[in-house]
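> My questions concern the predicted model and sequence given below.
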Amino acid sequence: MKVTVHVWRQKNASAAGKFVTYPMDDISPDMSFLEMLDVLNDRLEERGEEPVAFESDCREGICGNCSMVINGTPHGPMRNTTACQLHMRSFSDGEDIYIEPWRAKAFPPIKDLVVDRGALDRVIQAGGYISVRTGSAQDANALPIPKLDVDLAMDAATCIGCGACVAACPNSSAMLFTAAKISHLGLLPQGQTERMERVRNMVRQHDDELFGSCTNYGECQDACPKGISINFIGHLNRDFLKANFLKVKNPRREVESQ
Amino acid sequence: MNVSCEFYRSSVGKKVVVALTGAVLFLFVVGHMLGNLKTFMGMDPSGVHHLDMYAHFLREFMAEAMGHGNFLWLTRVVLLGCLLLHVVTVAQLQARSSEARPVKYKKQTLRASSVAARTMWYGGMLVFLFIVLHLGHLTLGSLHSDFVEGEVYRNVYIAFQNPLIVIGYFIAMCVLGFHLYHGVWSFFQTLGLDTPDRNCALRLVAKVASFVIVVGFLSVPLSLSLGLLPPPVGM
């Protein structure tokens, strides 16, 4: 099949970027999207041109590296998949394909399609940890957890931190990411110790990274390759309210005598 | 104090403020719509329109405890405060979000968001503009061609004989309906009250509430302009 790809080329963070058009003939519909880019890069190298910089690692949808907006949708038109799981058969013969990096102030560009997603790491650092007893391992199932809680926590924990939620959000908000990270710990007994300070710290970090604010569009849920629900943003909002207004009063202070 | 400062500084806290002030304004809109339906109740045996009596009642409500018109003014001050807080907070959030994507996409396909959600900001500005014009038109009367204070039925009757004004109100109410449709559901989502189990019901509540409010509001100008209601006494 034949496609025309328009790729965002940007030398570095300070250079201005632009779209460059590459006609691609004899592309197999069974190629993955990244393989198509590999073919493009081989040809660019043969011609002595700079290959297109893009991130990829696992190429099986679990690492969250292949961040690119394809025809206006993060990870391309297929739902619940990453760009590496997308195949060229999802496109029609002769189609124009626009490939852009994640665009957000919080994700400064590095080169071409590669952006710095360190902001997401810093959101995790702000509260994505738990206090556990170290030493010898606990017996399996020593801590009974209701099945529904486990499943919900697992749904949130499927977040691979790719940043598609930010890329898809018209506000460039990372609320779905932050909510998933907060919920997968906050839903489990091991995550209770820091639960309230976690939500406050992670929301503060989210805001400090200059992500936009959520207006309940729901674009993030639609673009998420793991299909994470905006229900978790509701969890975050609930925990945030509790953390701010239902603070535990100090039960250790003196009781006034009469 | 520290808690509320940190709360209001955060994007989530601001959203909660928008939701709560929006809820107050929503309740006002419901009350206003129900009050407007007094237009259809016709006249008292003494020859006074029920709508005029209702307007009088609003001024006299709690008059013994608070003095003439003071309860109305208290309500106005609370509503104005909520409106300003709603608008200012949204403006802050909007400023933050519009700065969050300095380079726009060449192509962006929005697949999930509703028209109502996408037009909240511009629709909200139109609603604000409408509120200002509407206050000038039917509260202060300065934008009215022939305004007599206290004769509410007469004022609305005259106002809605002009088809342009009816069209203007029609557009404004449709915009308000879209704003409320997303706003009502967003209220629950923002306060964390939305869950997958309740989602269907909450979306229905938003749909029904916004539809009923729009129809309720529009029933008055439409019936007046279509001649379904009698002219005021002496006209």
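That came in fine, so what should we check first? Keep in mind that this is a model prediction, so the values were computed, not measured.
> how far away is A:Arg103 from B:Val103?
Going from A:Arg103 to B:Val103 by C-beta to C-beta, to the nearest Å gives 5 Å. Using the backbone N, CA and C atoms, a C-beta is placed for each residue, glycine as well.
> One more: B:Leu51?
From B:Leu51 to B:Val103 the distance is 55 Å (C-beta to C-beta).
> where do the strands sit along the stretch 101-250 of chain A?
Remark: strands assigned in the stretch 101-250 of chain A by DSSP state E, counting those that start in this stretch are A:109-111, A:114-115.
> Can you name the residues that contact the closest residue to chain A within chain B?
Relative to chain A, the nearest point of chain B is B:Gly192 (3.0 Å; C-beta to the nearest C-beta). When the contact criterion is C-beta atoms under 8 Å, 6 or more residues apart in numbering or on different chains, the partners of B:Gly192 are A:Gly234, A:His235, A:Leu236, A:Asn237, A:Arg238, A:Asp239, A:Phe240, A:Leu241.
> do that again at 10 Å, thanks
By C-beta atoms under 10 Å, 6 or more residues apart in numbering or on different chains, the contact list for B:Gly192 reads A:231, A:233-242, B:12, B:16.
> same deal with B:Thr39?
B:49-51, B:54, B:152-153, B:156-157, B:219-221, B:223-224, B:229 are the contacts of B:Thr39 under C-beta under 10 Å, 6+ apart.
> How much space separates the closest residue to B:Gly42 other than its chain neighbours from B:Gly216?
In this structure, B:Gly42 finds its nearest non-sequential neighbour in B:His50, 6.5 Å apart by C-beta to C-beta, 6 or more residues apart in numbering or on different chains. When distance is defined by C-beta to C-beta, B:His50 is 16 Å away from B:Gly216.
> neighbours around A:Pro74, how many?
28 (other C-beta atoms under 10 Å in any protein chain shown).
> Grab the nearest non-local neighbour of it.
Nearest non-adjacent residue to A:Pro74 (C-beta to C-beta, 6+ apart): A:Ala164, at 3.7 Å.
> Check whether that neighbour really touches A:Ala104, as I assumed.
No - A:Ala164 is not in contact with A:Ala104 according to C-beta atoms under 10 Å; the separation is 11.3 Å.
> So these two - more neighbours on which side?
A count of neighbours by other C-beta under 10 Å puts A:Ala164 above the other of A:Ala164 and A:Ala104, at 29 against 26.
> Could I get the pLDDT score of that one?
For A:Ala164, the pLDDT comes out at 98.
> And for B:Thr119?
96.
> cool, B:His68 as well?
86.
> A:Gly127 now?
pLDDT at A:Gly127 comes out at 96.
> Tell me how many other residues crowd the spatially closest residue to it that is not a sequence neighbour.
For A:Gly127, ignoring the flanking residues on the chain, the nearest one in space by C-beta to C-beta, 6+ apart is A:Arg198 at 3.7 Å. For A:Arg198, the count of nearby residues is 23 (other C-beta under 10 Å).
> Find the centremost residue of the chain, please.
Since no chain was named, I'll use chain A. A:Gly163 (2.7 Å; C-alpha atoms, centre = their mean).
> I was thinking of chain B, sorry if that wasn't clear
Closest-to-mean residue, chain B, C-alpha atoms, centre = their mean: B:Val29 / 4.5 Å.
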